[in-house]
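Engineer: sequence first, then the predicted structure, then my questions.
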Amino acid sequence: MWKRPKGQGLRDRWCNVCRWTGSAFLGSAHTESANCPQCGSIARDRFLLWCFTHRAGKMRGARVIETSPRLGGEYRSYMQRWFSYRTSDFDLSAHRGDIQLDLQNIELPDAAVDVVLTPHVLEHVPDTERALAELFRVIAPGGRMYLQVPLLQGRTAPPTEPEFHADNTPVLWRFGWDLIDLLRAAGFTTSALVTSEFDQLLRGELSPPEGPSGEFDVGSLIEDVRLGDLTIVADDEQSRRMGFEPCYHFATWECLRP
Ligand SMILES: [Zn+2]
């Protein structure tokens with residue numbers, strides 16, 4: 001009997017931001033691509049929301065701040081239906097935001113928020129330790145943070161040549177897995193959330209990609225990771241449905257405020 005090749009022609013792709021289903025995301029399988037045809041989410045947007053909703057459980061009404069979210073109106077109104085949701089930006093130029101916040105000097109009282117979502121902002125902040133101390137201060141005990149940065153290499157270093165993101169903000173840090181040490185030093189209980197496929201890659205059950213992998217130094221991402229720092233947050237089926245591919249593109253740091 002003829003069998004349909006796995007994953008082809010099925011309407012089995014799903015956007016957890018807008019609930020779209022269909023047969024394919026747009027663009028390549030990449031953390032910065034695989035756009036949802038309906039809401040425009042890219043793969044890392046979906047991974048961040050998945051990490052938060054899958055891990056945090058029922059937090060309806062929680063005070064959530066997201067720093068410089070990429071997505072606009074539809075996503076923000078979705079979040080506002082569930083949470084007391086506000087967005088911030090450093091200077092409100094590259095991104096729209098409800099409030100202006102410098103992570104190194106957050107103008108909020110202690111314990112003012114329950115959840116911080118911070119995608120791709122920390123690499124633009126000069127003083128990482130100061131920013132993490134401020135985030136720890138404004139998150140209420142029992143609260144949490146989901147943090148994403150571009151993870152291109154195993155160990156943290158400044159860029160070797162000037163580097164800018166699409167919105168013209170300079171990249172000051174290229175973080176590696178050792179970011180977790182800074183998060184713990186700031187007081188958070190932390191693990192890096194990854195997919196089951198990445199775990200299989202680390203355990204040698206899958207072969208690493210052959211040839212160049214764009215900006216990603218896959219060798220050092222495999223070599224410098226500590227298995228005990230990882231928590232699997234999506235199985236193979238979930239990763240395929242939401243487009244968390246290739247697996248080594250996806251990590252979110254979960255930071256619990258004791
Ligand atoms: Zn969508």
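Structural biologist: Received it, and whenever you're ready, just let me know what you need. Numbering: from 1, shown residues only.

Engineer: all strands for the stretch 51-200 of the chain, in order.
Structural biologist: For the stretch 51-200 of the chain, the strands defined by DSSP state E, counting those that start in this stretch occupy 63-67, 84-89, 99-100, 113-119, 139-148, 189-195.

Engineer: and the contacts of the second one?
Structural biologist: This means strand 84-89. 61-69, 76, 79, 95-101 (C-beta atoms under 8 Å, 6 or more residues apart in numbering). Any C-beta I mention is one placed from the backbone N, CA and C, and that applies to glycine too.

Engineer: filter those to the buried ones?
Structural biologist: For these, a burial check counting by 16 or more other C-beta atoms under 10 Å picks out 62-69, 76, 79, 95, 97, 101.

Engineer: so what's Gly22 bridging to?
Structural biologist: On the basis of DSSP bridges, Gly22 is bridged to Arg13.

Engineer: just checking, it touches Arg13?
Structural biologist: Yes. With contact defined as C-beta atoms under 8 Å, Gly22 and Arg13 form a contacting pair (5.5 Å).

Engineer: these two - which one has more neighbours?
Structural biologist: Per other C-beta atoms under 10 Å, whichever of Gly22 and Arg13 has more neighbours is Arg13, with 19 against 15.

Engineer: out of the contacts of strand 84-89, who's near the ion?
Structural biologist: When contact is defined as C-beta under 5 Å from the ion, these do not meet the ion at all.

Engineer: just give me the neighbour total for the nearest residue to Glu32 once chain neighbours are set aside.
Structural biologist: Once flanking residues are discounted, Glu32 sits nearest to Ile42: 5.7 Å by C-beta to C-beta, 6 or more residues apart in numbering. Using other C-beta under 10 Å, Ile42 has 21 neighbouring residues.
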